[in-house]
Every structure is written in structure tokens, then in C-alpha cells.
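A.B. asks: Sequence first, then the predicted structure:
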Amino acid sequence: MHRKDQICHDDYQQTASWLLSQTQHRPKVAIICGSGLGMLADALKCQDSFPYSDIPGFPQSTVQGHAGRQVFGELKEKMCVCMQGRFHMHEGHSLCMVSLLGVETLIVTNAEGSLADSYQVGDIMIIKDHINFPGLAGLNPLNGPNDDKFGPRFPPMSGVYDKDLRKIAFDLCKSMDVSQVVQEGVYCMVGGPNFETIAEARLLHRLGVDAVGMSTAPEVVVATQCGNKVVKSYDDIEPVNHEAVLEVSKLRSHMLQTLVTELVSWMDINNNAV
Ligand SMILES: O=P(O)(O)O[C@@H]1C[C@H](O)[C@@H](CO)O1
């Protein structure tokens, strides 16, 4: 949603309360669907879905391949909420408010560009850590006066990507017999919306970045401040333009959907509908 220095906790709370008044679902897991990966939301059973334009105080998703709906429903009998369309920093928003819905675990997917020499187009990478480039330069979603209702002023970011959930994801990939296309690596967020120059890509590669994209890090920073566990997977691609990104993400969309579905089914979650 909006930057925290523009919108306060009460505003987020009003939006969250409105959503909770419109649905019986009380999700413990939130899934952010990356470019071209919105079918994760379509798979939810007993859906209640809300176009962003109908949600009070919600911005619009403007990137092609992001439908712009908040979808509540069940995945393997676990209550989830999917953001079918995320807000990128380059769209002027940098943060989601799913924590106020009672969500405890965030699963983030996206479609990004590979830099690691050993990666192939279409590989799936499980993120083990990130570099928040805009954040390092002062463009942080936590900028502005801190409201302790969100979380601490100086939240630690070591061990953000939950080790146990990552292990479960890898074990699931083994049992799905797809380990050959699954990688683990470091993701770097850049501001976009232009893709990197060759010199910029080389710089990131030298810094140890395995894949680069324009999202995810701010969502994970905010979710971590709010006390959520995060697991992250994404299609790793070598794009030349956004259409190519969407095309490649289609390659693995089914596999990613199965992986996220199985991961959710393994989570120890108590459903508590109203
Ligand atoms: O939402 P994600 O991170 O999957 O979207 C990527 C990043 C850019 O917005 C866009 C570039 O193709 O796709």
C-alpha cells in the first residue's frame, strides 16, 4: 500500500477492518502473486474476492500481468489471502497491510532476472537473503515516524527468510522431482522501472547477487517489522522486456502453483473463521 509516512496505522486498520467485515475468512497466510503468477489466487476455494478499486483506501495495481484483486479463500483447507497484483515502488507504493488481517506467514512470488552463471532461464529460486538497494540508499518503506503498533523502529533483518520453511520448500521440490530447476540465492531489489544496463548488471553480479528484480524487498522488510515469517520463491529469468518476463513466468507458473499449494498444506496453521 502507501508509504508509511503518508498513511498511519489507523488508516491501514480501517482498510483491514472493512475487508474482514466483508468475508468470513481469517487467513494466517498471505501470498503475493508476482508478474504473470496471478493464477495462484484463482486456485483458492470458497473465494471472496475484492477488486482493489472496491477496497476503501486501496491503491490500484498498474503493471500488466497484475490483475488487482485481493482474494480470500482456502488452499488445501488452509485459509489464505492472495494479493493478485502487487504494488511496486516504481508505481509509488511500497508496502502491504496484510499483517493487520491477522496473517502470520507471507509467501512472496515474483518474476525476476538471473545473474548467477549457473542459472537457466525459467529456473525457480528460493530466496535465502536479499539486498534492498533502494533501502540502503535511504528509500526505505519504513521511512518516516515509526508507529510502534507496526513493530520496532530498528527491526533486525538477519535470518528474515525462514529457514524451516525454506527447507520444507526444498524437500517438496525433491518429492515433486523438480530439484533440477530449483536454486537458492540472493535477490537484489532495484528501483526500476527500466531494466538494468549491462554495466549495472555486471556490478550486481560482482556483488554476489544471483537475481535482480523490482519488488519483494520492501514487502519483506515491512512484513518482518510486523513480525511475519517469510518464504519466497520466484521464477528466475533472463528478460529483455516485460512481455518476455510474463512469457517466461508462464513456463513455471504451474510448478510454482503446486509448490506454494504444497507448502501451505505443510504449514501448521489453525483456521479460525468468524
Ligand atoms: O511483481 P514482479 O516483481 O514479478 O514484477 C516484475 C518486476 C517489474 O515490475 C516487472 C518487470 O518485468 O516484472
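C.D. replies: Everything's here; your move.
A.B. asks: tell me the SS of whichever residue of the stretch 51-200 of the chain sits closest to the ligand?
C.D. replies: Closest to the ligand within the stretch 51-200 of the chain is Asn110: 3.4 Å, counting by CB to the nearest ligand atom. C-betas here are computed from N, CA, C, even on glycine. Three-state assignment for Asn110 (DSSP: H, G, I helix; E, B strand; the rest coil): strand.
A.B. asks: need the residues of the stretch 151-274 of the chain near the ligand, please.
C.D. replies: Residues of the stretch 151-274 of the chain lying close to the ligand (CB under 6 Å from any ligand atom) are Gly192, Gly213, Met214, Ser215, His242, Val245.
A.B. asks: which one is the third one nearest to, not counting chain neighbours?
C.D. replies: Going back to what we said before, that points to Met214. Distances taken as CB to CB, 6 or more residues apart in numbering place Gly192 nearest to Met214, at 3.6 Å, with adjacent residues excluded.
A.B. asks: wait, Val160 sits on Lys128?
C.D. replies: No: counting by CB atoms under 8 Å, Val160 stays clear of Lys128, with 9.5 Å between them.
A.B. asks: The two: who's more crowded?
C.D. replies: Val160 (20 against 17; other CB atoms under 10 Å).
A.B. asks: Leaving out chain neighbours, which residue sits closest to Gly227?
C.D. replies: Gly151 (6.2 Å).
A.B. asks: check contacts around Asp11.
C.D. replies: By CB atoms under 8 Å, 6 or more residues apart in numbering, the contact list for Asp11 reads Gly57.
A.B. asks: ok, it to Ser17 distance?
C.D. replies: Separation of Asp11 from Ser17 (CB to CB, to the nearest Å): 11 Å.
A.B. asks: Equivalent analysis for Glu112, please.
C.D. replies: 34 Å.
A.B. asks: Which one of the two is surrounded by more residues?
C.D. replies: Higher neighbour count among Glu112 and Ser17: Glu112, with 26 against 13, using other CB under 10 Å.
A.B. asks: Surely that one and Val209 touch.
C.D. replies: No: using CB under 8 Å, Glu112 makes no contact with Val209, being 10.4 Å away.
A.B. asks: Quickly list what's touching both of the two.
C.D. replies: Tyr187.
A.B. asks: Look through this structure and tell me its longest helix.
C.D. replies: The helix spanning the most residues in the chain, taking DSSP state H as the definition, is helix 242-266.
A.B. asks: residues in contact with that one?
C.D. replies: With contacts defined as CB under 8 Å, 6+ apart, helix 242-266 is touched by 29, 31, 34-37, 39-40, 43, 63-65, 75-78, 80, 107, 109, 111, 113, 121-122, 124, 165, 168-169, 172-173, 176, 178, 181, 231, 233, 235, 237-239.
A.B. asks: are any of those residues buried, and which?
C.D. replies: 29, 31, 34-37, 39-40, 43, 63, 65, 75, 78, 80, 107, 109, 111, 113, 122, 124, 165, 168-169, 172-173, 181, 231, 233, 235, 237, 239 (16 or more other CB atoms under 10 Å).
A.B. asks: show me where the stretch 151-274 of the chain has strands.
C.D. replies: All strands of the stretch 151-274 of the chain, identified by DSSP state E, counting those that start in this stretch, fall at 182-189, 211-213, 229-237.
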